[in-house]
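> Predicted model, plus sequence, below.
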Amino acid sequence: MSATTHLVASELADMLEGYDDPAVLLQRDCRIVATNAAYQRVFGAIDLSSPKYCYQVSHGYLGPCHQAGEDCPLKSSLASGQRRRMVHVHHTPRGEEHVDEKTVPLRDRQGETVLFLQLLRPTHIASARFTLDGMVGRSRAFNRMLELIDRVAPSQTAVLLLGETGTGKELAAQAIHQASRRSDKPFVPLDCSGLTKSLFESELFGHEKGAFTGALAAKRGLVEAAHDGTLFLDEIGDVPLPLQIKLLRLLETESFRRVGSVETRSADFRLICATHQDLPAMCDARRFRKDLYYRISVFPINVPPLRERRADIPLLAEVILHRLAGEQSPQLDPQTLACLVDYDYPGNVRELKHILERALLLTDGDTVLPAALPDGCHSDAAKATAGIVSLKEAERRYLRYLTVTYKGDKNTLAQRLGISERTLYRKLEELKDEPSSTASQRTPERK
């Protein structure tokens, strides 16, 4: 660091105290120059008498995040010259937590970026460690989804959650609601699949007494129940075409009428929709209104399938077992866990839950053995010992096994494998990318 840059850094370090959020000042090489009191209170004090780097302190890496297979906000900001915001998992005194990072490049008089200001805000939309409530995960695909949720939640923008069956779209909708300004108001879900025209209209808008046969009393609809809160329409693609115009009118006028009533009522709610269907294709086939699609898809979020979140499976399995069996839940044998990680899950997280529920019924001791898993979960694992495979395939299977059974740090693992830590991270990154590129060929989406 030049003398001029050092002087600027010293002046900026004093300015960090003007931020209520944890703030840190970084050099271009990720070295930490200064932190404010809020940072020290949330993440702990750092001894800066010797060089400390953000990737070491925050993530436990020996090199920059991009070398460890993560998106690096500083590298991205340096390349674009613009501010960058993303969600990362940080080490904190309370354990690992998701943190919303805002990175701002700071330039000298010649316009060269010399330092970076990073504002860090822990986000509680999901957990990166064991919890019995809400969403859990720490994989890159999961963190990208959290970043979008974190950005859109405080607004009133309509959200469309896209993803296969069983990925947890309703949990994502609940997370958006809990992080919004309406979190103290109702979250009202409606599953649109299988509802007839008359039943859907009555459920959504309510009805007056005598509006139809069996309407013995007036009923408040879900739109009224969601007043000031959030209305979640799951499987929006299943809404009957004749009712889509009424739903569109509701969104455009923020008003509705109960079935059998002429009185217009006002509606104030935040709309979140979800579907596993291809709505643009449905629009082209004239099975879904384009004008309605444009109203509900202002901010689409892809909820990733479980095969793209393999790094989350050990944590998810632990959480699900505790939710099913309580504190006395059995542990997973390492080979059992390896089988679970290698499986493709056409039914996603819901299927993982069903597999573990079945396994608990077949487990008599304190450990879930591979024999308790369905036959389909053994198919890929069995191939590891059947016949001759290529060295690349053998390496892939061995690395996948180590990701779920090895409990030490990556540096020690790299030493034991006889490779550099950077090479290990590169191989693990290739392993992350492999399932998403091949799963579409192996596993059709379940409708």
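It's in.

> what are the phi and psi values for the residue nearest to S329 when sequence neighbours are not counted?
Nearest non-adjacent residue to S329, counting by CB to CB, 6 or more residues apart in numbering: L321, 4.2 Å away. Glycine gets a C-beta too; all of them are placed from N, C-alpha and C. Main-chain dihedrals, L321, degrees, to the nearest 10: phi -60, psi -40.

> which residues touch L321?
Counting by CB atoms under 8 Å, 6 or more residues apart in numbering, L321 touches 329-330, 332, 356, 360, 368.

> can you tell me which two in these are farthest apart?
The two members of these with the most space between them (CB to CB) are L332 and L360, at 11.0 Å.

> Name the residues contacting each of the two.
With CB under 8 Å, 6+ apart as the test, L332 and L360 both reach 321, 368.

> higher neighbour count, these two?
The residue with more neighbours, out of L332 and L360, is L332; 24 against 16, by other CB atoms under 10 Å.

> what residues are up against the spatially closest residue to the more buried one that is not a sequence neighbour?
Leaving aside its chain neighbours, L332 sits nearest to V368 (5.1 Å; criterion: CB to CB, 6+ apart). Neighbouring residues of V368 by CB under 8 Å, 6+ apart: 321, 330-333, 336, 356, 359-360.

> which stretches of the stretch 101-250 of the chain form helices?
140-152, 169-178, 197-205, 222-225, 241-253 (DSSP state H, counting those that start in this stretch).

> I meant to write the stretch 251-400 of the chain there.
Counting by DSSP H, counting those that start in this stretch, the helices of the stretch 251-400 of the chain are 279-284, 290-296, 313-325, 334-342, 348-361, 379-383, 391-405.

> How about H98: which residues does it bridge to?
V89 (DSSP bridges).

> and the gap between it and A175?
Distance, H98 to A175, using CB to CB, to the nearest Å: 11 Å.

> what residues are shared contacts of these two?
Common neighbours of H98 and A175, using CB under 8 Å, 6+ apart, are 125-126.

> what's the domain layout of the protein?
3-127, 153-304, 307-442 (automatic domain parsing).

> Dump these to CSV, plus mean pLDDT and distance to M135.
Formatted as CSV, these follow (pLDDT from 0 to 100; distance: least, CB to CB, whole Å):
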stretch, mean pLDDT, distance to M135
domain 3-127, 89, 4
domain 153-304, 93, 5
domain 307-442, 80, 10
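
> Could you export those domains to a markdown table, including columns for distance to A141?
Compiled in a markdown table, the domains of the chain are given as follows (distance: least, CB to CB, whole Å):
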| stretch | distance to A141 |
| --- | --- |
| domain 3-127 | 11 |
| domain 153-304 | 4 |
| domain 307-442 | 5 |
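
> Quick one: residues contacting F205.
Shown in contact with F205 (CB under 8 Å, 6+ apart): 221, 223, 246, 256-259.

> one step back: look up how far L315 lies from the residue nearest to S329.
11 Å.

> ok, back up a step: which among the contacts of F205 gets closest to T196?
Of the contacts of F205, the one sitting nearest to T196 (CB to CB) turns out to be V259, at 12.9 Å.

> and the closest residue to that closest one other than its chain neighbours, bridged to which residues?
Leaving out its chain neighbours, the residue that sits closest to V259 by CB to CB, 6+ apart is H207, at 3.8 Å. H207 forms beta bridges with K219, V259, as assigned by DSSP bridges.

> Pull the number of nearby residues for I46.
Using other CB under 10 Å, I46 has 16 neighbouring residues.

> Wait, it touches K52, no?
Yes - using CB atoms under 8 Å, I46 makes contact with K52 at a distance of 5.5 Å.

> Find the residues that touch each one of these two.
Common neighbours of I46 and K52 (CB under 8 Å, 6+ apart) are I32.

> ok, the closest residue to D366 other than its chain neighbours - contacts?
Closest residue to D366 apart from its sequence neighbours, by CB to CB, 6+ apart: P330 at 4.9 Å. P330 sits next to 321, 360, 363, 365-368 when contact means CB under 8 Å, 6+ apart.

> Can you tell me the SS state at L26?
Using DSSP: H, G, I helix; E, B strand; the rest coil, the structure places L26 in strand.

> nearest residue to it other than its sequence neighbours?
F116 (4.4 Å).

> Ok, A45 next?
T35 (7.9 Å).

> What's the separation between the one you found and A23?
For T35 relative to A23 (CB to CB), the value is 7 Å.

> H98 contacts A126, correct?
Yes - counting by CB under 8 Å, H98 does reach A126; the two are 6.1 Å apart.

> Now do the shared contacts for those two.
With CB under 8 Å, 6+ apart as the test, H98 and A126 both reach L146.

> Tabulate the contacts of L321 (JSON lines), appending distance to L162.
Formatted as JSON lines, the contacts of L321 follow (distance: CB to CB, whole Å):
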{"residue": "S329", "distance to L162": "33"}
{"residue": "P330", "distance to L162": "35"}
{"residue": "L332", "distance to L162": "31"}
{"residue": "L356", "distance to L162": "26"}
{"residue": "L360", "distance to L162": "32"}
{"residue": "V368", "distance to L162": "33"}
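
> Relative to T264, how far out is the closest residue to R182 other than its chain neighbours?
Closest residue to R182 apart from its sequence neighbours, by CB to CB, 6+ apart: G229 at 5.2 Å. Look at G229 and T264: by CB to CB, they are 21 Å apart.

> more crowded one of the two?
Taking neighbours as other CB under 10 Å, G229 and T264 compare with G229 leading, 19 against 10.

> any idea how far Q174 is from the more buried one?
12 Å.

> again with T423
41 Å.

> More neighbours: which of those two?
Between T423 and Q174, counted using other CB under 10 Å, Q174 has the larger neighbour count: 18 against 12.
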